[in-house]
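S.K.: Got a sequence here, can you build the structure:
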Amino acid sequence: MPPRRSLTAFARPVGARLLLPLLLALVGACASAPPTPAASTQAGPGPELAAPAPPARPTPARIVAVGDLHGDTDATLAVLQLAGVVDAQGHWSGGQATLVQTGDMLDRGLSSKGVVALLQRLQAEAPASGGQVVVLLGNHEAMNLQGDWRYVSPEDLNEFGGEQARREALSAQGALGSWLRQRDAATRIGDTVFVHGGLRPAWAAMGTSAVSAQVRAALDGAGSPMVLGPEGPLWYRGYVQEPEVLACKELGEALTALGARRMVVGHTTQRNGRILSRCGGQLLAIDTGISAHYGRNLAALELRSGDAWGLYPAGPEDLPDP
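M.R.: Numbers count the residues shown, from 1 in each chain. Now for the predicted structure:
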């Protein structure tokens with residue numbers, strides 16, 4: 001992929017309050033990917049934007065979210081048990097909770113197929129007790145669907161029965177490929193948006209459903225490839241890596257456009273194994289390196305009626321709320 005440009009590379013002489021409405025108009029006028037929004041050097045909330053339609057998903061009393069799993073079935077079971085949504089046999093025990101997995105199930109580990117099979121089974125089991133499992137696309141799912149297998153382990157290939165069998169499984173007609181192509185890239189549950197990398201303001205203005213539709217179209221070769229690029233929702237790292245004076249200004253604009261107060265992302269691994277909170281709790285980065293490849297740092301995010309908690313083997317920790 002091309003190198004990610006810094007936010008300051010997108011600055012323009014026109015002020016952010018004048019430029020953003022123009023970008024939103026351009027987004028509404030065409031179906032192609034939106035232009036990259038300008039960065040601001042000022043902190044504080046962004047301009048008022050029209051919020052999209054209310055979320056399709058109702059707000060549950062308890063939401064659990066886990067980040068990148070990277071082909072590690074054992075660690076996946078362990079973190080879901082830590083979060084109290086599966087029992088010792090790996091079956092759904094979360095009651096009416098909603099479990100969100102923010103993408104990157106595939107690659108690096110020994111058993112991408114095993115991780116996906118577990119999440120698919122939990123998707124089928126959860127509704128019986130009033131729960132649900134929401135699985136999002138990450139950049140590694142997109143890479144695999146596009147034939148970029150640079151991070152696939154030999155064990156992963158063998159689990160599928162070889163390269164050709166894996167390729168067939170990931171095709172549009174294959175069981176795995178078909179299921180992945182039905183996943184959203186972003187979703188809003190209540191006042192929280194979940195996405196693998198991050199939604200910049202111009203993407204956010206489209207709403208999560210439209211962004212997900214553009215990702216699907218691009219994966220099928222029918223849409224703009226920009227949505228799968230470094231500034232798109234599956235790859236963007238600016239909210240986690242840029243200085244907060246820049247990141248929080250842009251994040252505030254995106255959240256206003258989405259009608260949300262918090263964004264939860266994976267993708268950028270926190271090497272200390274802790275959930276990262278930025279911008280007064282408006283951003284929570286939950287890729288803690290759960291898989292053995294990254295150190296098996298088990299952690300999950302829990303939202304209890306909107307109150308954020310980090311769940312760790314040593315016990316829960318209260319997190320900042322916006």
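S.K.: show me where the stretch 101-250 of the chain has strands.
M.R.: Assigned by DSSP state E, counting those that start in this stretch, the strands in the stretch 101-250 of the chain fall at 132-135, 186-189, 192-195.
S.K.: Render the CA-only coordinates of the second one in PDB, please.
M.R.: Backbone C-alpha positions of strand 186-189 (Å, rounded to 0.1, in the frame of the first residue of the first chain) are rendered in PDB as follows:
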ATOM      1  CA  ALA A 186     -18.400   0.400  10.100                       C
ATOM      2  CA  THR A 187     -21.500   0.400  12.300                       C
ATOM      3  CA  ARG A 188     -23.100   2.700  14.800                       C
ATOM      4  CA  ILE A 189     -24.700   1.200  17.900                       C
END
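S.K.: for the strands of the stretch 101-250 of the chain, which one sits closest to Leu145?
M.R.: Closest of these to Leu145 is strand 132-135, at 14.3 Å (criterion: C-beta to C-beta). (C-beta placed from N, C-alpha, C; glycine too.)
S.K.: which stretches of the protein form helices?
M.R.: Using DSSP state H, the helices of the chain run over 16-29, 73-82, 112-125, 139-145, 154-160, 163-170, 175-181, 201-204, 208-219, 238-241, 244-258.
S.K.: For Asn297, which non-adjacent residue is closest in space?
M.R.: In space, and not counting its chain neighbours, Asn297 is closest to Gly273: 3.0 Å by C-beta to C-beta, 6 or more residues apart in numbering.
S.K.: show me where pLDDT drops low in the chain?
M.R.: Residues of the chain meeting the criterion pLDDT under 70: 1-58.
S.K.: For the residue nearest to Asn297, give me its contacts.
M.R.: Counting by C-beta atoms under 8 Å, 6 or more residues apart in numbering, Gly273 touches 288-289, 295, 297, 299.
S.K.: let's see it at 10 Å
M.R.: Going by C-beta atoms under 10 Å, 6 or more residues apart in numbering, Gly273 touches 288-290, 294-299, 312-313.
S.K.: and which of those is nearest to Glu253?
M.R.: Checking these against Glu253 with C-beta to C-beta, the nearest one is Thr288 at 27.2 Å.
S.K.: related to what we said a few turns ago, of the helices of the chain, which stretch is the most buried?
M.R.: Looking across the helices of the chain with neighbours counted as mean count of other C-beta atoms under 10 Å, the highest average goes to helix 201-204: a mean of 28.
S.K.: Quick one: list the elements packing against it.
M.R.: With contacts taken as 3 or more C-beta pairs under 10 Å, 6 or more residues apart in numbering; DSSP states H and E, helix 201-204 sits against helix 16-29, strand 192-195, helix 208-219, helix 244-258.
S.K.: Give me whichever of the strands of the stretch 101-250 of the chain is most buried.
M.R.: When the strands of the stretch 101-250 of the chain are scored by mean count of other C-beta under 10 Å, the highest mean neighbour count falls to strand 192-195 (a mean of 28).
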